[in-house]
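J.: one predicted model, sequence on top.
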Amino acid sequence: MLDEPVEDVGFDESLAVAFNDVDLCLRLSQTGYRNVWTPNAELYHHESLTRGSDTAPAKLRPFEGECDAFSLVQGDFITYSSPRYQRSTPDDRTL
């Protein structure tokens, strides 16, 4: 990932745990940058290794808040503008 595009759009600090990667990629795309995927990269992501499970009662409320925040910011784009959106899905489907 290049530093300049990330610095141009920044990170949404209200998404501290969930959706921050998806939000960043969508905002980069919306400002004219391209997200490039390669099958040649090998990445390892150890989900929740340092922070623990998001399903713990104390962490569930912040996670749900981030779900709501992401939906408010990117929900319309994902539902109506994304080239990967399935047009056969009902319009009332939520994230």
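T.: That came through fine.

J.: CA atoms for contacts and neighbours, from now on please.
T.: Will do.

J.: low-confidence ranges in the protein?
T.: 81-95 (pLDDT under 70).

J.: switch to 90 and redo it
T.: Filtered on pLDDT under 90, the chain yields the residue ranges 1-22, 25, 29-39, 41, 43-67, 70-95.

J.: which residues of it fall in helices?
T.: According to DSSP state H, the chain carries its helices in the segments 3-9, 20-30, 57-76.

J.: make CSV out of those and add mean neighbour count and distance to residue 49.
T.: Output for the helices of the chain, formatted as CSV (neighbours: other Cα atoms under 10 Å; distance: least, Cα to Cα, whole Å):
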stretch, mean neighbour count, distance to residue 49
helix 3-9, 12, 25
helix 20-30, 16, 17
helix 57-76, 14, 14
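
J.: of all those helices, which one is nearest residue 39?
T.: helix 20-30 (17.5 Å; Cα to Cα).

J.: and for the closest one, what's in contact with it?
T.: Here helix 20-30 makes contact (Cα atoms under 8 Å, 6 or more residues apart in numbering) with 5, 6, 9, 10, 11, 12, 34, 35, 70, 74.

J.: got it, and stretch 52-69?
T.: So stretch 52-69 is contacted by 14, 15, 16, 17, 18, 19, 48 (Cα under 8 Å, 6+ apart).

J.: which one among the residues you listed gets closest to residue 78?
T.: residue 19 (12.7 Å).

J.: rewinding a little: including distance to residue 26, could the contacts of helix 20-30 go into CSV?
T.: CSV is the format used below for the contacts of helix 20-30 (distance: Cα to Cα, whole Å):
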residue, distance to residue 26
5, 12
6, 12
9, 10
10, 12
11, 11
12, 12
34, 9
35, 9
70, 11
74, 8
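
J.: hmm, back to that, pull out the buried residues from the contacts of stretch 52-69.
T.: 15, 17, 18, 19 (16 or more other Cα atoms under 10 Å).

J.: do I have it right that the first one meets residue 70?
T.: Pointing back at residue 15 there. Yes - using Cα atoms under 8 Å, residue 15 makes contact with residue 70 at a distance of 7.5 Å.

J.: fine by me, we can end here.
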